[in-house]
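J.: A predicted structure for the sequence below; I have some questions about it.
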Amino acid sequence: MTEPPRDVHFASDRVAALLEVLELMASGDTEKRLPLSNEGDELDAIAHGINVLVGELAYSSARILESQEAQAIRLREAVAQAERANAAKDVFLRNVSHEIRTPIAAILGFANLLASTDLSPEDRADLVRRLQANGQAILSLLGDLLEIARIDANKIALTPERVSVPEVVREVLTSLEIETQAKGLQVRVEIAGDAFATLRTDRYRLRQILVNLVANAVKFTESGSIVVSLGVARADAGDQWAIDVADTGIGIPADQQPTLFEPFEQVDSSITRTYGGTGLGLSLSRRLAERLGGSLVLLRSTPGQGSTFRLTLSALATASEADAAPVRKSAAPAARRLDGIHILLAEDNHDMQLTVRRILEKAGASVETALDGREAIEKASSCSFDVVLMDVRMPHVNGVQAMRTLREQGIEVPIVALSADPLTLPRAEARDLGFDDCLSKPFTVEALFAAIQLVHRLKTTTELERRV
Amino acid sequence: MIDTPTARISLNDAGFVVVRIRDTSQSLADAKQNLAAAISETHGRRRPLLIDIRQARALDANARHHYSGQTLDEGFSALALLVHASPLGRMMGNIYLRVARPGIPTQLFADEDGALEWLRQYRQ
């Protein structure tokens, strides 16, 4: 038998060595590499190609694994965040529930007392005042909640105008004078130089923020002072101004400061029990400050010594289309009489219907009622009314459908929407739908009268113009 | 001229950066060091790059990917890869081109003069 040539032996040995390592690679050892000889020949090239292939596979697997791990971390963080938010929401809902239940308990208690017959007229009047105050407290809370929802949904409208900030500050301090005097607090306004000659901003929203800051300062300060300082925060970056509200109150512990402006996390339950409030004020104020092109921060706070909040403001540009809002005029006082006005009141809630009907009749209006949209259509189609008050959410046919049906029938009676959900049916939207006006429940008697008188006056004017 | 444990990097008279890889294996850290040194030799200008891998050993995947990243594309106008004229040398060069896919004009050469001549058109 002849021996194979030396080269064949050599190649065979190398192939055997390569196969041995390939087996290890195939069994999952991605760290192994095929050995290369010093020949640099085809076998080395194939071995190198396989090495690169295995290396790339390992590289890709590692990247995929890294990406999966990063995704898992993100997912865990998202779940933890959702759980934290959920827990915070529970706390918040408990606080809101408490804040609503407390005045409701008082309202029910006062109602029971009012039912007793042995009350003096003074006691009766006092109980009515307290009933109204507690109802107002619930309304304020709901107002704050809706306001936050509106801001978050970017549905807040701004009305930029030249505003004298010192004037607004003084107005705010005057409005809280009773509270500050009752506690014997010293109140001071400090104005640096000619800061705030005027600033282009939304007066109503600025006032809202300042009322909140100063009311908080008063609430959490038992003795000492409250100082409101006006100055320039960063003149080089344009018109940016600072309003500091400093108090000598209880201060805020360091561990509570980071979540102070969070709507669902702000309140330490012991604070709520002692001072009241749901902790919405600061959250709302910060959101408003940001909408005004500024910011609201806690500048410093020391437990037992007091806190300083800083509101910075930039001049607002001319109202953009998105921000354009109807100018809030202070409504002219409505006349207290509705004599001769024939009104259809469509409202499915009996108590609400009774209350509104009595108010209207007491003012001299004649009132017919409907309990749902279908009845409202029937009555408005068969009888002439001066004004229709239409609840939006009613059984069978809702207020919007009823209004549209009446319009389709050519009935041009002024229709005022009554909505308990101003977020889903803001006034402007109600007008776009075809209503002549919209009232958010609960509304004041003045607002009700003003709306009726306005749409009735417009109707009368239109009819007169047609005749001419 | 910069000497690293795995390469010698220099700027030649024609204004090309020349990297000669030594006969030793390279880790990702070596790749980073070599590329950084090559970038520093450009003195802030995009220049043609010659990499001589005739002595080089096979790269691991991390090092290969680093050599093909954005830094290479931003720092250099073209890449000439000088390989050994053997099946293994061609395989190494071709694999680099196919796997790394540099974003600048790249070509394999077995002779240095040809590589330098080709790079000349990419002087900026």
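T.: Here it is on my side, so go on. Numbers count the residues shown, from 1 in each chain, chains lettered A, B, ... in the order given.
J.: Contact partners for A:T312?
T.: Applying CB atoms under 8 Å, 6 or more residues apart in numbering or on different chains to A:T312 gives the contacts A:233-234, A:240-243, A:289, A:294-296. Bear in mind the C-beta positions are built from the backbone N, C-alpha and C, glycine included.
J.: which SS state does it fall under?
T.: Recorded secondary structure, A:T312: strand (DSSP: H, G, I helix; E, B strand; the rest coil).
J.: Any idea how many residues pack against the closest residue to it other than its chain neighbours?
T.: In space, A:T312 comes closest to A:G294 once its chain neighbours are excluded; the distance is 4.5 Å by CB to CB, 6 or more residues apart in numbering or on different chains. Burial measure for A:G294: 24 neighbouring residues, criterion other CB atoms under 10 Å in any protein chain shown.
J.: Kindly list the main-chain dihedrals of A:G294?
T.: Main-chain dihedrals, A:G294, degrees, to the nearest 10: phi -130, psi -150.
J.: and what of B:T24?
T.: phi -160, psi 160.
J.: got the residue ranges for the strands in the stretch 151-300 of chain A?
T.: Counting by DSSP state E, counting those that start in this stretch, the stretch 151-300 of chain A has strands at residues A:160-163, A:186-191, A:199-202, A:225-232, A:240-247, A:295-302.
J.: got a markdown table for these, with distance to A:A78, mean pLDDT and mean neighbour count too?
T.: Below are those laid out as a markdown table (distance: least, CB to CB, whole Å; pLDDT from 0 to 100; neighbours: other CB atoms under 10 Å in any protein chain shown):
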| stretch | distance to A:A78 | mean pLDDT | mean neighbour count |
| --- | --- | --- | --- |
| strand A:160-163 | 38 | 86 | 17 |
| strand A:186-191 | 46 | 90 | 13 |
| strand A:199-202 | 36 | 86 | 22 |
| strand A:225-232 | 41 | 90 | 19 |
| strand A:240-247 | 36 | 90 | 22 |
| strand A:295-302 | 27 | 93 | 16 |
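J.: Chain B is nearest to which of those?
T.: Each of these has some distance to chain B by CB to the nearest CB; the shortest is strand A:295-302, at 37.2 Å.
J.: Neighbouring strands - and their directions - for the closest one?
T.: Partners of strand A:295-302 in the sheet, by DSSP bridges, are strand A:306-314 (antiparallel).
J.: Give me the contact list for the next helix or strand along the chain from the strand it pairs with.
T.: Using DSSP states H and E, the helix or strand that directly follows strand A:306-314 along the chain is strand A:342-346. Strand A:342-346 is contacted by residues A:353, A:356-357, A:360, A:365-373, A:375-376, A:379-380, A:383-391, A:394, A:399, A:402, A:413, A:452 when judged by CB under 8 Å, 6+ apart.
J.: same check, this time on stretch A:359-367
T.: Contacts for stretch A:359-367 (CB under 8 Å, 6+ apart): A:336-345, A:357, A:445, A:448-449, A:452.
J.: Provide a PyMOL selection command restricted to the buried entries of the residues you listed.
T.: Buried members of these, defined by 16 or more other CB atoms under 10 Å in any protein chain shown, are picked up in PyMOL with:
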select buried, chain A and resi 338+341+342+343+344+345+357+448+449+452
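J.: of all the contacts of stretch A:359-367, which comes closest to chain B?
T.: Checking the contacts of stretch A:359-367 against chain B with CB to the nearest CB, the nearest one is A:L448 at 68.0 Å.
J.: any idea which element that closest one lies in?
T.: helix A:445-467.
J.: any idea of the mean pLDDT for that helix?
T.: What helix A:445-467 shows for mean pLDDT is 78.
J.: Can you tell me the number of residues neighbouring A:P103?
T.: A:P103: 20 neighbours (other CB under 10 Å).
J.: which parts of chain A sit against chain B?
T.: A:33, A:36, A:39-42, A:44-46, A:48-49, A:51-52, A:55-56, A:58-59 (CB under 8 Å from any CB of the partner chain).
J.: Could you pick out which of these are located in helices?
T.: Mapping the residues of chain A next to chain B onto helices (DSSP state H) picks out A:42, A:44-46, A:48-49, A:51-52, A:55-56, A:58-59.
J.: Can you tell me the closest non-neighbouring residue to the most centrally placed residue in chain B?
T.: Using CA atoms, centre = their mean, the residue of chain B that lies closest to the mean C-alpha position is B:I51, 3.0 Å off. Closest residue in space to B:I51, ignoring its immediate chain neighbours: B:V19 at 4.6 Å, by CB to CB, 6+ apart.
J.: Now do the same for that neighbour: its pLDDT.
T.: On pLDDT, B:V19 comes in at 95.
J.: Turn the ones in helices among the residues of chain A next to chain B into a markdown table, including pLDDT and neighbour count.
T.: Formatted as a markdown table, these follow (pLDDT from 0 to 100; neighbours: other CB atoms under 10 Å in any protein chain shown):
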| residue | pLDDT | neighbour count |
| --- | --- | --- |
| A:E42 | 85 | 13 |
| A:D44 | 86 | 24 |
| A:A45 | 86 | 21 |
| A:I46 | 88 | 16 |
| A:H48 | 85 | 22 |
| A:G49 | 86 | 16 |
| A:N51 | 86 | 22 |
| A:V52 | 85 | 23 |
| A:G55 | 86 | 21 |
| A:E56 | 85 | 15 |
| A:A58 | 87 | 15 |
| A:Y59 | 87 | 18 |
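J.: what's near enough to touch the nearest residue to A:I151 once chain neighbours are set aside?
T.: When the adjacent residues along the chain are set aside, A:I151 lies closest to A:R287, with 4.4 Å between them (CB to CB, 6+ apart). Shown in contact with A:R287 (CB under 8 Å, 6+ apart): A:148, A:151-152.
J.: between those, which is closest to chain B?
T.: Closest approach between these and chain B, by CB to the nearest CB: A:D152, at 39.6 Å.
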